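*Asks:* sharing a model prediction with you, sequence too.
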Amino acid sequence: MPANERFKTKYPGVTFIIGNSLNGKSEKIYYIRYRKKNKQIEEKAGRQYQDDMTPAKASALRNIRIQGKEQTNAEQRTAEETRKDAEKGRYTIGRLWNEYSKNRAPGRALTTDKNRYENHLEKDFAKKEPKDIIKLDVDRLRLELAKKLSPQTVKHVLNLLTWIINYGVKNGLCRGLPFHIQKPTVNNVKTEDLSPEQVNALLQAIDGSQHKTVAAMMKMALYSGMRRGEMLKLQWPDVDLERGFVHLREPKGGPDQRIPINNLARDLLESLPRTSNYVFPGRSGRKRSNTSKAACEIRDTASLPKTFRPLHGLRHVYASMLASSGKVDMYVLQRLLTHKSPVMTQRYAHLRDETLKAGAGQVDDIFKKQKEDAEEKQKQGQAKVVNLKS
């Protein structure tokens, strides 16, 4: 039998050839022929077994195509290619997230944002372009999240959506939202402090800990106020012991900063072994990614409250000690803590105010003593006059 020989059926315009199915068995492959817009069209209707096609089904499909109720195979292919081309130029939230995440530094922060995206944004927003998002969509998201998450977490999720869209706008991939994403108000001003006795207990626990690297980080946080992330990224080339400065790379997403180190911090750094390019390395000298377990163990050994955050809390202790000393103004404290805005530093202003009040209170004692001295002199003068008369 000649290859691809056409066989007629009892249905007009329906023919078939004999081909092989996926399992090697012979099967009929049906074709339909018709005219559309004065153009002769012949196309495949389907396979006998794979598509469950029959001459009757092929004839019904031919009639539908003749009536224009369905596109031809060629028209369907063209439409699909057009759709794919349009999809390539269509930046949805899902596609923007992929681009945004690829340009983020790998690490704990990216992993956390990935979980936020997948758990809270992907389902409702992944297939939408920013221009298709309306305010009601975001309001519904915020209200749903508020039922099960803290205001701070809800704010993080909405911030992530904002950052993804802003990334697209900045890189010319999409237009921005025509409305502002409203975020919940969060009161996260938490200033932790320790008494002198608690600080001494903590230092003893640090010195006795087997977690030497994390223990050194806790001391560094207490002596310098450095953030956990800054210490994890800190490398020896960024430490200038000769001049007494540490170079901070992108502290909390801001520009590089340089902070001075005191003698305690200098002695600590000089005592550390240089077994890695990182000052506080993890396993095999690589960048450390986790400190919580060891730090909490040291905190508990010192009998500090469970609510005290071992590393970030020590940053607060450092700032509180400087503010309450009365010898450091708010601008200097802001620079030492590398705060972007003085607003964050103002949480310690009340400590300085108390010190200033105490200083002003010395005037009370001065005037009181002056009054007492004057009264004493007056009494002595009166006694002298009495003695002279007698």
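*Replies:* Received the coordinates, thanks.

*Asks:* can you report how many residues lie near the nearest residue to residue 94 once chain neighbours are set aside?
*Replies:* Nearest-residue entry for residue 94: residue 126, 3.4 Å, with adjacent residues in sequence omitted and distances by CB to CB, 6 or more residues apart in numbering. In this view, the C-beta of every residue, glycine as well, is placed from N, C-alpha and C. Residue neighbour count, defined by other CB atoms under 10 Å, stands at 16 for residue 126.

*Asks:* where in the stretch 1-150 of the chain is pLDDT low?
*Replies:* Across the stretch 1-150 of the chain, residues meeting the criterion (pLDDT under 70) sit at 1-3, 79, 81-89.

*Asks:* quick one on the thing from earlier: check contacts around the residue nearest to residue 94.
*Replies:* Residue 126 is in contact with 92, 93, 94, 97, counting by CB atoms under 8 Å, 6 or more residues apart in numbering.

*Asks:* go with 7 Å
*Replies:* When contacts are counted by CB atoms under 7 Å, 6 or more residues apart in numbering, residue 126 is found next to 92, 93, 94.

*Asks:* by neighbours, which of the residues you listed wins?
*Replies:* With neighbours set by other CB under 10 Å, the maximum within these is found at residue 93, which has 25 neighbours.

*Asks:* excluding chain neighbours, what is closest to that residue?
*Replies:* On the basis of CB to CB, 6+ apart, the spatially nearest residue to residue 93 that is not a chain neighbour turns out to be residue 125, at 4.3 Å.

*Asks:* isn't the one you found right next to residue 95, touching?
*Replies:* No - with contacts defined as CB atoms under 7 Å, residue 125 does not count as touching residue 95, sitting 11.3 Å away.

*Asks:* which one's more surrounded, the two?
*Replies:* Per other CB under 10 Å, whichever of residue 125 and residue 95 has more neighbours is residue 125, with 24 against 19.

*Asks:* separation between that one and residue 161?
*Replies:* Taking CB to CB, to the nearest Å as the measure, residue 125 and residue 161 are separated by 7 Å.

*Asks:* do residue 217 as well
*Replies:* Spatial separation of residue 217 from residue 161 under the definition CB to CB is 33 Å.

*Asks:* the two: which has the busier surroundings?
*Replies:* Counting neighbours by other CB under 10 Å for residue 217 and for residue 161 shows that residue 217 has the greater number, 27 against 22.

*Asks:* just the element for the more buried one, please.
*Replies:* Take DSSP states H and E as the rule and residue 217 turns out to sit in helix 212-224.

*Asks:* distance from that helix to the middle of the chain?
*Replies:* On the basis of CA atoms, centre = their mean, to the nearest Å, helix 212-224 sits 24 Å off its chain's mean C-alpha point.

*Asks:* check stretch 311-319 too.
*Replies:* For stretch 311-319, the gap between its own C-alpha mean and the chain's C-alpha mean amounts to 21 Å (CA atoms, centre = their mean).

*Asks:* likewise stretch 254-272?
*Replies:* Between the mean C-alpha position of stretch 254-272 and that of its chain there is a distance of 26 Å (CA atoms, centre = their mean).
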